[in-house]
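Visitor: Model the structure of this input:
(one chain, ligands or ions: 3)
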Amino acid sequence: MLTLQQLGWKPVFQQQLAQFDSALQPVRVVAVQRSGLSVTPIEGEVRDIPLGGRWFTLDVEERPTVGDWVLLDTDTLAVEQVLERTSVIKRLSPGGGGEVQMIAANIDTAFLVTSCNADFSAARLERYLSVVLQADIQPVVVLTKIDLVEHIDEYVDAARALRRDLPVEAVNALSPDSLQGLAGWCGSGQSIALLGSSGVGKSTLVNSLSGHQVQATRAARQDDDKGRHTTTHRSLHVLPQGGVILDSPGMREFQIAEAESGVSELFADIEDLAARCRFADCGHDTEPGCAVQRALQDGSLDERRLLSFFKLQRESLYNSETIAQRHARTRQFGRRVKEAAAKRKNR
Ligand SMILES: Nc1nc2c(ncn2[C@@H]2O[C@H](COP(=O)(O)OP(=O)(O)O)[C@@H](O)[C@H]2O)c(=O)[nH]1
Ligand SMILES: [Mg+2]
Ligand SMILES: [Zn+2]
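Guide: Numbering: from 1, shown residues only. Ligands and ions are numbered 1, 2, ... in the order given. Just a heads-up that it's a prediction; the model follows:
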């Protein structure tokens, strides 16, 4: 039987219990299905439980997601409460319309997984980093498939250049011995999320870290080096080192949502430069006295990084507005439904 602590329970969750009925049982969400959840064992078994209709009237961000701690009524198995999260990873849903997609909650460390081949993209890692820093989660870049390339250092250096003090681990995900460097983040009480495209080796990492086959993996297609989606449900696994790891399906695109402060944190050096421009509203283009242009010219600032900063800043602002508009529409709709119901009553 796993204890709550072994599943990542922390004092911040314990403290929240005082305000709720003490008969409610805390369980952790291991997977989300269309109309229900899988949760950590009750009486020894992982359970699939339905999610009552009232949850679907709430915004997706308020509904339980993988990694959440929820309180169950043990008689009816109804989900009564989602405990306040310590962190949450989300992105803009690729479907559009300002929908947010939840990826994981209550995460301490995110492994940003990319392979040492065509998949490697500094720009994509910067997307993940913005979202992870925004959520106050420790990022670790995990470069996989080092057994397949000659010049590992090129990838390691490119990853290290993304942010000062960013941990970067180069591994062969198939070989447990090469994963020693990740152990420091996998200890008791730690919850780890994996972010990365399909086929980079996320499920392989989960298997090698677990010491046995817990996740289905599939060979990447040879022709274009893009993997197929083999992880159908996000899922949570307890590691021998004591931590908990969440596998997730590959993400083809990762549009950042509401990550302004994460973007600022990742590009703090550029923001510092911008603060030194002669004009407060400098566009960092042709303005005289532009400290950003000066840094570009003297080589202390990389043009790729600058363009990436502009792009992510714009994207984050734009997406935050789209999300805010959708929230407003949902609220308005809710009000209209209530008004209509009240009118019917008064008739
Ligand atoms: N040679 C080698 N193959 C790897 C490595 N990591 C993953 N693979 C292979 O890449 C394919 C995709 O891995 P998988 O874990 O399913 O990727 P996921 O989509 O990110 O979960 C599988 O065939 C793995 O065996 C690695 O470090 N080295
Ligand atoms: Mg997988
Ligand atoms: Zn400027």
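Visitor: Could you pull out the strands in this protein for me?
Guide: Assigned by DSSP state E, the strands in the chain fall at 25-32, 36-42, 45-50, 69-72, 79-82, 88-92, 100-105, 109-115, 138-144, 168-170, 191-195, 235-238, 244-247.
Visitor: who does the longest one touch, helix- and strand-wise?
Guide: This points to strand 25-32. In terms of contacts (3 or more Cβ pairs under 8 Å, 6 or more residues apart in numbering; DSSP states H and E), strand 25-32 is packed against strand 36-42, strand 69-72, strand 235-238. Yep, even glycine has a C-beta here, placed from its N, CA and C like the rest.
Visitor: Can you show me the CA trace of it as PDB?
Guide: Coordinates of each C-alpha in strand 25-32 appear next as PDB, following Å, rounded to 0.1, in the frame of the first residue of the first chain:
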ATOM      1  CA  GLN A  25     -10.500  11.000   1.500                       C
ATOM      2  CA  PRO A  26      -7.600  12.600  -0.400                       C
ATOM      3  CA  VAL A  27      -6.500  10.800  -3.600                       C
ATOM      4  CA  ARG A  28      -4.200  11.900  -6.500                       C
ATOM      5  CA  VAL A  29      -5.400  12.100 -10.100                       C
ATOM      6  CA  VAL A  30      -3.300   9.800 -12.300                       C
ATOM      7  CA  ALA A  31      -5.200  10.100 -15.500                       C
ATOM      8  CA  VAL A  32      -8.000  12.100 -17.000                       C
END
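Visitor: Could you count how many residues lie near the residue in the stretch 51-200 of the chain that ligand 3 sits nearest to?
Guide: Ligand 3 sits closest to residue 126 of the stretch 51-200 of the chain, with a gap of 20.7 Å, by Cβ to the ion. When neighbours are counted by other Cβ atoms under 10 Å, residue 126 registers 23.
Visitor: Next, work out how far apart the closest residue to it other than its chain neighbours and residue 198 are.
Guide: Sequence neighbours aside, residue 308 is the residue nearest to residue 126 in space, at 5.3 Å (criterion: Cβ to Cβ, 6 or more residues apart in numbering). Separation of residue 308 from residue 198 (Cβ to Cβ, to the nearest Å) stands at 23 Å.
Visitor: ok so, going back, among the strands of the chain, which comes closest to ligand 2?
Guide: Using Cβ to the ion, the strands of the chain put strand 244-247 closest to ligand 2, at 6.0 Å.
Visitor: Quick one: mean pLDDT for the closest one?
Guide: Averaged over strand 244-247, pLDDT sits at 91.
Visitor: and what of stretch 203-210?
Guide: 92.
Visitor: and what of stretch 26-38?
Guide: 90.
Visitor: residues in contact with residue 134?
Guide: By Cβ atoms under 8 Å, 6 or more residues apart in numbering, the residues touching residue 134 are 258, 259, 260, 261, 262, 263, 265.
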